[in-house]
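**Student:** I would like to see how this sequence folds:
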Amino acid sequence: MVLNLVMNAMQSLPAAAARDNEIRIHTETRGATVVIEVSDSGPGVSLAERERIFEPFVTTKPIGEGTGLGLFVCRNIVRGYSGEVSVHDRPGGGVLFRVTLPVAADLATPVATTRREAPDGPTPVAHVLVIDDDAAIASAFAGRLRRAGYRASTCSSGAAGLTYLFANGDIDLVFCDLMMKEMTGMDVHARLLSEAPAMLQKVVFMTGGAYSPAARQFLLDHPHDMVEKPFDLLAETRRRLAGRLLR
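**Tutor:** The predicted structure is shown next:
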């Protein structure tokens with residue numbers, strides 16, 4: 001969430017004024033609230049833009065730069081923790097994003113070293129498949145899921161992911177990278193749509209940016225099936241699994 005705000009700030013700063021650019025991160029506790037502020041000395045955000053800046057696919061960047069999902073994802077993460085994010089003028093010019101979060105109720109409670117992080121979701125033994133050609137990301141995601149009590153499997157390509165998905169009927173949720181070599185997430189989607197459309201309700205596509213017209217169009221066509229890296233993996237897993245049960 002903070003990384004999203006910092007990256008947004010970096011992208012707003014003019015390269016021609018690199019020596020004068022500034023990004024600041026300020027944190028403090030105000031009673032039962034934690035406040036995180038990320039500000040930059042860029043061009044700022046107009047009042048008209050502020051009304052829609054947290055909506056999906058809304059961006060102030062030039063065409064072809066940015067997906068318009070960063071602030072949308074950031075807001076969803078913050079609200080997932082019962083917080084809020086708002087945008088303000090930065091003293092001296094620029095913009096300031098303020099995140100407010102409630103202090104954890106059990107912050108002062110000692111936690112035993114053997115305590116395992118457990119999900120709040122309805123299916124703690126759900127089987128999650130991670131498809132990503134970046135082995136480090138796939139491994140990190142799987143490790144996080146397993147520590148939280150889920151079963152997790154990984155595949156390093158779209159083709160391998162499809163083979164695994166077709167061969168294992170117990171997969172409850174799939175996180176599939178969008179921009180992969182050889183077989184992209186878009187190719188995975190097309191294959192499933194053709195051969196096993198019911199499986200698509202299990203698939204969430206992950207993106208760190210849409211670098212082609214086809215990818216940008218895919219994001220526009222499937223906004224509810226997308227998450228932008230970085231995101232809260234466990235919160236997203238719980239939300240997606242709960243949504244499937246409500247269908």
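**Student:** What segments of this protein are helices?
**Tutor:** 2-12, 47-50, 70-80, 135-147, 158-167, 185-195, 213-221, 233-246 (DSSP state H).
**Student:** Burial check on Thr29, number of neighbours?
**Tutor:** Around Thr29 there are 9 other residues, counting by other C-beta atoms under 10 Å. Every residue, glycine included, has its C-beta placed from N, CA and C.
**Student:** Please apply the same query to Leu165.
**Tutor:** Neighbour count of Leu165, defined by other C-beta under 10 Å: 23.
**Student:** From Val130, how far out is it?
**Tutor:** From Leu165 over to Val130 the distance is 12 Å, taken as C-beta to C-beta, to the nearest Å.
**Student:** Next, format the helices of the chain as CSV and append distance to Arg98.
**Tutor:** Compiled in CSV, the helices of the chain are given as follows (distance: least, C-beta to C-beta, whole Å):
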stretch, distance to Arg98
helix 2-12, 10
helix 47-50, 13
helix 70-80, 10
helix 135-147, 28
helix 158-167, 39
helix 185-195, 34
helix 213-221, 28
helix 233-246, 21
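**Student:** Now render those as JSON lines, adding mean pLDDT and distance to Thr27.
**Tutor:** Listed next are those as JSON lines, based on pLDDT from 0 to 100; distance: least, C-beta to C-beta, whole Å:
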{"stretch": "helix 2-12", "mean pLDDT": "76", "distance to Thr27": "9"}
{"stretch": "helix 47-50", "mean pLDDT": "79", "distance to Thr27": "23"}
{"stretch": "helix 70-80", "mean pLDDT": "76", "distance to Thr27": "14"}
{"stretch": "helix 135-147", "mean pLDDT": "90", "distance to Thr27": "24"}
{"stretch": "helix 158-167", "mean pLDDT": "95", "distance to Thr27": "39"}
{"stretch": "helix 185-195", "mean pLDDT": "95", "distance to Thr27": "35"}
{"stretch": "helix 213-221", "mean pLDDT": "82", "distance to Thr27": "32"}
{"stretch": "helix 233-246", "mean pLDDT": "82", "distance to Thr27": "21"}
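**Student:** Tell me which of the ones you listed approaches Val227 most closely.
**Tutor:** Checking the helices of the chain against Val227 by C-beta to C-beta gives helix 233-246 as the closest, at 5.8 Å.
**Student:** now for that closest one, which elements pack on it?
**Tutor:** Identification of packing neighbours for helix 233-246 by 3 or more C-beta pairs under 8 Å, 6 or more residues apart in numbering; DSSP states H and E yields helix 70-80, helix 135-147, strand 173-177.
**Student:** right, and those - which one's nearest Ala190?
**Tutor:** strand 173-177 (12.4 Å).
**Student:** returning to that earlier point: would you tell me which one of the helices of the chain is buried the most?
**Tutor:** helix 70-80 (a mean of 21; mean count of other C-beta atoms under 10 Å).
**Student:** Contacts for it next, please.
**Tutor:** For helix 70-80, the surrounding residues in contact (C-beta atoms under 8 Å, 6 or more residues apart in numbering) are 1, 4-5, 7-8, 53-58, 84-85, 99, 101, 227-228, 231-232, 235, 239.
**Student:** need the helices and strands packed on helix 233-246 in a markdown table with distance to Thr154, can you?
**Tutor:** Formatted as a markdown table, the helices and strands packed on helix 233-246 follow (distance: least, C-beta to C-beta, whole Å):
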| stretch | distance to Thr154 |
| --- | --- |
| helix 70-80 | 23 |
| helix 135-147 | 4 |
| strand 173-177 | 10 |
